Structure formats: structure tokens, C-alpha cells
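> Provide a 3D model corresponding to the input given below.
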Amino acid sequence: MSARLMTQLLGYAGLMPFYGFLYGIACLNGLAQSVSHQGFVIYSLAIQCFVAGTLWGSAALVASEARLGRLVVSNGVVLFAVAAVLIGQLVLAGVLLILGYLALVWYERRVSRGASWYLRLRAFLTVGVVVAHCAYVALQIVQA
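Model prediction:
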């Protein structure tokens, strides 16, 4: 299996937990619903940190003048996402996590010289993640 195909499969598979947790929030009650709330936010934090980590990892491959920007953005987005989750307000955390994902994809598209298929994949996956977060925020508002 090629690295490109594996990247695509893992990317699409990475969307599934978001929608699984949404199902739990919308359709389950009690402890299972509570775990789904926590799972969604914690999984989102983990994925956002992972994506930011790809910038960190790619910093070694770029010219020294571009390296600093990648390192600062990757660390800044992680700190922003952690702060969003620590706020403890689920609606606000969902909105702030959306902003983190959009910032990452915007930055990647701005600085990347990578393969066009990868940038399209990142854009598609970001849309899937943002849609999931919008549904998450909507569920928080409806269930309040």
C-alpha cells in the first residue's frame, strides 16, 4: 500500500470518532452521553495537536527563515487548543477548536509547497471536522 493511500485512509478514518461521539451525544443518555461529550472534546484536542505536530515535524525540512514560523504556529495552536478545552465551557470550546482547525489549514495552504493531493485532502478533512464541530455546538445549545 502506498504512503499516499495510507494517508488518505487514516485521514478519513480519523473523521469517524467525531461523528461517533456526535451520535452518542444526540442519542444516548446519562453516563454514555457524558462520555461522548468528553470524548468529542478530548479527541478533537488530540487531533488538533497531531495536525499541529505535522508542522513541527516539517520545520526541519524547510529553510531556516521559514522554520521559526512553523515552530511558533505549531506550538501556538496547541496552546490555544489546550486553553480552549480548559475553559470548561463546551460551546466555547467547540467554537475555539473550529478556529484552531481553520488556522492550521489556512497556514498550511499559505506556506506549503507540498503535493496538491495532500492540500486537497487536508481541506476536505478540515471541512468534515468543522461540520462535526458545528453540529457539536448546535447540540450543546439545543440540549441546554
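
> and the one residue sitting closest to the centre of the chain, what element?
Within the chain, the residue whose C-alpha comes closest to the C-alpha centroid is Gln48; the distance, by Cα atoms, centre = their mean, is 3.8 Å. Taking DSSP states H and E as the criterion, Gln48 maps to helix 30-59.

> next secondary structure element downstream of that helix?
Going down the chain from helix 30-59, the next helix or strand is helix 64-86, by DSSP H and E.

> how much distance is there from that next one to the middle of the chain?
Helix 64-86 sits 13 Å away from the centroid of its parent chain (Cα atoms, centre = their mean, to the nearest Å).

> buried set for the helix holding Gln48?
Within helix 30-59, the residues that qualify as buried are 36-37, 39-41, 43-45, 47-49, 51-52, 55, 58-59, counting by 16 or more other Cβ atoms under 10 Å. C-beta: built from backbone N, CA, C; applies to glycine.

> what does stretch 5-21 give?
So stretch 5-21, judged by 16+ other Cβ under 10 Å, has buried residues Gln8, Gly14, Leu15, Pro17, Phe18, Phe21.

> same check on stretch 126-141?
By neighbour count, with 16+ other Cβ under 10 Å as the criterion, the buried positions of stretch 126-141 are Thr126, Gly128, Val129, Val130, Ala132, His133, Ala135, Tyr136, Val137, Leu139, Gln140.

> look up the closest residue to Gly14, ignoring the ones flanking it.
Across the structure, with Cβ to Cβ, 6 or more residues apart in numbering as the measure, the residue nearest Gly14 apart from its sequence neighbours is Ile47 (6.4 Å).

> my guess is that neighbour contacts Met16. True?
No: in this structure, Ile47 sits apart from Met16 without contact. The criterion is Cβ atoms under 8 Å, and the distance is 11.6 Å.

> follow-up on the earlier one: just the buried residues of stretch 126-141: which are in helices?
Applying DSSP state H to the buried residues of stretch 126-141, the entries found in helices are Thr126, Gly128, Val129, Val130, Ala132, His133, Ala135, Tyr136, Val137, Leu139, Gln140.
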